[in-house]
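Student: Using only what follows, build the 3D model:
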Amino acid sequence: MSDRAMTDEERLRFFEGQAEQAYDEMYDARTPGDAAARYNDAKEALYDAIGLAQRLGRGKEADRLEARLDHIKAVYRSQFWQG
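Tutor: Down below sits the predicted model:
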């Protein structure tokens, strides 16, 4: 593996990939607490991606990521949240 630093584009894709992985793992969670932890992981990764997109002046990308975050929140609340 290379020691070079990630580009902004690679970091953006990394954060988005982390969010999607956590979202997928939310469905495999064995307990409500595990599902909540994966949900939080997905949110944090998307917050990082949204912030980076905004700092890079990529408004459409930030909007797309915010829409994905809203979708994940809605899914969690309808399928996993027991509040």
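
Student: Give me the most central residue, this protein.
Tutor: Nearest to the mean C-alpha position of the chain, by C-alpha atoms, centre = their mean, lies Ala19 at 2.8 Å.

Student: ok, Ala49 touching Arg64?
Tutor: No. Counting by C-beta atoms under 8 Å, Ala49 sits too far from Arg64 to count as a contact (9.8 Å). Yep, even glycine has a C-beta here, placed from its N, CA and C like the rest.

Student: And those two? Which one has more around it.
Tutor: Neighbours were counted for Ala49 and for Arg64 using other C-beta atoms under 10 Å; Ala49 has more, 26 against 15.

Student: who's in contact with the more buried one?
Tutor: Leu12, Phe15, Glu16, Ala19, Leu65 (C-beta atoms under 8 Å, 6 or more residues apart in numbering).

Student: confidence score at it?
Tutor: On the pLDDT scale, Ala49 is placed at 98.

Student: cool, Ala5 as well?
Tutor: The per-residue pLDDT reported for Ala5 equals 88.

Student: And for it, the neighbour number?
Tutor: Ala5 - counted by other C-beta under 10 Å - has 7 other residues nearby.

Student: And the one 4 residues further on, by the same measure?
Tutor: If you count neighbours by other C-beta under 10 Å, Glu9 ends up with 11.

Student: Alright, I will stop here.
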